[in-house]
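S.K.: next one to model:
(one chain, ligands or ions: 2)
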Amino acid sequence: MAEKSFKYIILGGGVSAGYAAKEFASQGVKPGELAVISKEAVAPYERPALSKGYLFPEGAARLPGFHCCVGSGGEKLLPESYKQKGIELILSTEIVKADLAAKSLVSAAGDVFKYETLIIATGSTVLRLTDFGVKGADSKNILYLREIDDADKVVEAIKAKKGGKAVVVGGGYIGLELSAALRINNFDVTMVFPEPWCMPRLFTADIAAFYETYYTNKGVKIIKGTVASGFTAHPNGEVNEVQLKDGRSLEADIVIVGVGAKPLTALFKGQVEEDKGGIKTDAFFKTSVPDVYAVGDVATFPLKMYGDMRRVEHVDHSRKSAEQAVKAIKAAEGGGAVEEYDYLPFFYSRSFDLSWQFYGDNVGDSVLFGDSNPSNPKPRFGAYWVKDGKVVGAFMEGGSGDENKALAKVAKARPVAESLDDLTKQGISFAAKV
Ligand code: FDA
Ligand code: NAD
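M.R.: Ligands and ions are numbered 1, 2, ... in the order given. The predicted model follows:
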């Protein structure tokens with residue numbers, strides 16, 4: 001079994017890893033100093049493409065088109081670029097043991113990797129219905145989406161079951177983006193989720209009502225307030241029916257499950273301080289263990305604006321946290337320091353012809369503005385969240401580049417709102433004046 005030593009190891013090969021590698025490269029690393037270790041077989045890529053362009057029936061996005069860091073307009077790091085920059089890209093290698101005290105990682109094949117500084121960027125994994133003991137949940141064509149291999153299975157199933165029936169379990173990001181993708185591929189789609197409206201962790205009932213009607217108009221059937229309680233399969237093992245807890249059943253050729261994700265922290269259990277389900281870090285993404293950093297989905301970090309600790313499962317933070325950690329590491333080596341991470345939460349999604357952005361915090365009272373009629377060919381509406389008399393969050397569907405910039409500004413500035421009525425009347429022009 002081989003043993004290799006590096007000055008820096010980035011553990012994980014996703015979005016954070018790609019952006020951390022880019023930052024190291026731009027600051028300068030000597031050949032052999034830095035390794036990226038990933039269980040995926042491909043170099044870091046922009047994961048959001050998997051639930052959008054990757055599933056288009058025509059002109060689908062494929063690698064190398066969306067390697068990091070094209071998602072933020074940065075340099076595209078092709079697999080060969082890592083070598084050119086002196087970075088060792090160690091793919092198809094799962095780390096199964098981490099000993100933070102001994103500064104060593106062990107792969108499934110038994111290879112040992114030693115480091116001086118470690119950046120944990122292991123991201124999240126999907127929650128599986130088999131974890132909850134749902135009967136028949138291991139049938140074929142019950143699919144999840146996290147990595148490119150999963151996306152390839154979805155593409156294969158779409159081809160094999162052309163124009164068939166799809167059931168999407170979950171009403172969050174994956175549920176909404178995959179229902180749209182399957183509908184665009186001409187599937188007969190039914191979404192099932194337990195809450196009273198879709199995307200409850202962000203949307204208000206009013207916002208959700210727009211998307212639910214829009215989706216219904218596109219032919220997506222929506223069943224709320226219940227969950228998948230079991231599946232039956234054909235003799236060949238392929239799923240053919242979904243049983244719902246409310247007693248109904250649905251035919252299905254494909255089932256896509258998006259019932260949430262959990263951060264991959266198990267390797268480090270008991271070795272590093274945790275908080276809110278993630279690895280606790282400071283404003284430089286340093287963990288409780290010297291020379292160990294954690295970034296992206298796994299990090300629970302101080303969200304300075306709100307004075308609390310948060311974990312964020314979105315791509316903008318994964319990029320920025322990775323850059324912050326590398327800048328902090330490099331600055332400390334030179335005896336300097338960088339400013340504390342001061343993050344403004346930013347989430348977005350795209351499906352069908354829709355595109356929304358959200359900045360800030362979705363707490364307090366909320367108001368809708370603009371035209372949220374789902375039958376309009378170009379819907380354009382938004383929402384503000386107001387807490388303690390101040391606007392703390394801003395959302396817009398169909399916003400222009402300038403309007404989206406205004407959303408970010410208003411959420412950052414948190415101006416006083418005269419009244420909810422006034423915000424409704426002023427709409428996006430309130431944010432534009434900030
Ligand atoms: P990420 O999951 O990207 O990478 C983790 C990497 O670590 C993977 O390569 C994994 O294989 C590897 N790894 C884990 N354990 C390992 C081990 N033991 N050994 C070796 N390697 C290991 N966000 C958003 O804001 N807008 C969007 O539109 C989308 N769209 C979207 C679509 C889909 C399909 C998903 C799954 C997610 C999104 N997201 C998103 C969320 C966003 O992609 C996510 O927050 C970031 O990818 C997180 O980046 P990380 O680097 O933390 O994890
Ligand atoms: P999510 O947390 O967005 O949504 C999970 C949903 O699962 C809940 O809203 C609920 O409707 C549903 N649910 C929970 N238990 C259920 C059950 N037993 N049966 C049916 N439904 C159930 O998680 P997700 O959509 O699975 O996304 C996974 C990860 O990928 C998250 O980290 C998410 O942030 C990320 N992601 C983000 C984007 C984006 O930002 N545009 C897009 C895709 C994925």
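
S.K.: any idea how far the most centrally placed residue in the chain is from residue 40?
M.R.: Central residue of the chain (CA atoms, centre = their mean): residue 314, 4.1 Å from the mean position. Remark: distance between residue 314 and residue 40 (CB to CB, to the nearest Å) = 20 Å. For the C-beta atoms, the positions are set from N, CA and C on the backbone; glycine is no exception.

S.K.: list the contacts for the closest residue to ligand 2 within the stretch 101-250 of the chain?
M.R.: Closest to ligand 2 within the stretch 101-250 of the chain is residue 172: 2.0 Å, counting by CB to the nearest ligand atom. Contact analysis of residue 172 by CB atoms under 8 Å, 6 or more residues apart in numbering lists 193, 198-199, 201, 258-260.

S.K.: just these: which are in strands?
M.R.: residue 193 (DSSP state E).

S.K.: quick one: secondary structure of residue 57?
M.R.: Three-state assignment for residue 57 (DSSP: H, G, I helix; E, B strand; the rest coil): coil.

S.K.: ligand 2 contacts on this protein?
M.R.: Residues of the chain lying close to ligand 2 by CB under 6 Å from any ligand atom are 51, 124, 169-175, 177, 192-195, 200-201, 227-228, 258-261, 313-314, 347, 349.

S.K.: quote the end-to-end distance of stretch 191-199.
M.R.: Start to finish, the residues bounding stretch 191-199 are 12 Å apart (CA to CA, to the nearest Å).

S.K.: quick check: mean pLDDT of it?
M.R.: In this model, stretch 191-199 has an average pLDDT of 98.

S.K.: now do the buried residues in it.
M.R.: 191-193, 197-199 (16 or more other CB atoms under 10 Å).

S.K.: farthest pair in the residues you listed?
M.R.: 192 and 199 (14.4 Å; CB to CB).

S.K.: contacting residues for residue 397?
M.R.: Here residue 397 is in contact with 210, 354-356, 372, 379-382 (CB under 8 Å, 6+ apart).

S.K.: out of those residues, which are buried?
M.R.: Counted by 16+ other CB under 10 Å, the contacts of residue 397 give 210, 354, 356, 372, 379-382 as buried.

S.K.: how many residues are close by residue 153?
M.R.: 16 (other CB atoms under 10 Å).

S.K.: which SSE is it in?
M.R.: Of the helices and strands defined by DSSP states H and E, residue 153 is found in helix 148-160.

S.K.: elements contacting that helix?
M.R.: strand 142-143, strand 254-257 (3 or more CB pairs under 8 Å, 6 or more residues apart in numbering; DSSP states H and E).

S.K.: now tabulate the ones you listed in a markdown table and tack on mean pLDDT.
M.R.: Shown next, in a markdown table, are the helices and strands packed on helix 148-160 (pLDDT from 0 to 100):
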| stretch | mean pLDDT |
| --- | --- |
| strand 142-143 | 98 |
| strand 254-257 | 98 |
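
S.K.: of those strands, which is nearest ligand 1?
M.R.: Once the helices and strands packed on helix 148-160 are compared by CB to the nearest ligand atom, strand 254-257 is nearest, at 10.7 Å.

S.K.: is any residue of that closest one near ligand 1?
M.R.: No. Using CB under 6 Å from any ligand atom, strand 254-257 stays clear of ligand 1, coming no nearer than 10.7 Å.

S.K.: partner strands of that strand, with direction?
M.R.: Sheet pairing of strand 254-257 (DSSP bridges) gives strand 142-143 (parallel), strand 165-169 (parallel).

S.K.: deepest of the ones you listed, which one?
M.R.: The highest average neighbour count among the strands paired with strand 254-257, using mean count of other CB atoms under 10 Å, belongs to strand 165-169 at a mean of 26.

S.K.: what parts of the stretch 51-200 of the chain come near ligand 1?
M.R.: Listed as neighbours of ligand 1 in the stretch 51-200 of the chain under the rule CB under 6 Å from any ligand atom: 51, 94-95, 121-124, 145-147.

S.K.: 8 Å instead, please
M.R.: Counting by CB under 8 Å from any ligand atom, the stretch 51-200 of the chain comes close to ligand 1 at 51-52, 93-96, 107, 121-126, 145-147, 151, 173-174, 177.

S.K.: and the stretch 201-350 of the chain, by the same measure?
M.R.: 261, 264, 267, 295-299, 312-318, 322, 346-350.

S.K.: of those, just the buried ones, PyMOL syntax please.
M.R.: Entered in PyMOL, the line below selects the buried ones among these, by 16+ other CB under 10 Å:
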select buried, resi 261+264+267+295+296+297+298+299+312+313+314+315+316+317+318+322+346+347+349
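
S.K.: restricted to strands, list the residues of the stretch 201-350 of the chain next to ligand 1.
M.R.: Checking those against DSSP E, those in strands are 261, 299, 346-350.

S.K.: widest-spaced pair of those residues?
M.R.: For these, the farthest-apart pair by CB to CB is 299 and 350; their separation is 25.4 Å.

S.K.: from the residues of the stretch 51-200 of the chain next to ligand 1, which land in helices?
M.R.: For these, the ones inside helices are 151, 173-174, 177, with DSSP state H as the criterion.

S.K.: just flag the most distant two among the residues you listed.
M.R.: Counting by CB to CB, the most remote pair of those is 151 and 173, 14.6 Å apart.

S.K.: quick revisit: between the buried residues of stretch 191-199, which sits nearest residue 246?
M.R.: Looking at those and their distance to residue 246, the nearest is residue 192, at 9.7 Å (CB to CB).

S.K.: show me the strands in the stretch 1-150 of the chain, by range?
M.R.: 3-11, 34-37, 87-90, 95-99, 104-107, 112-120, 124-126, 142-143 (DSSP state E, counting those that start in this stretch).
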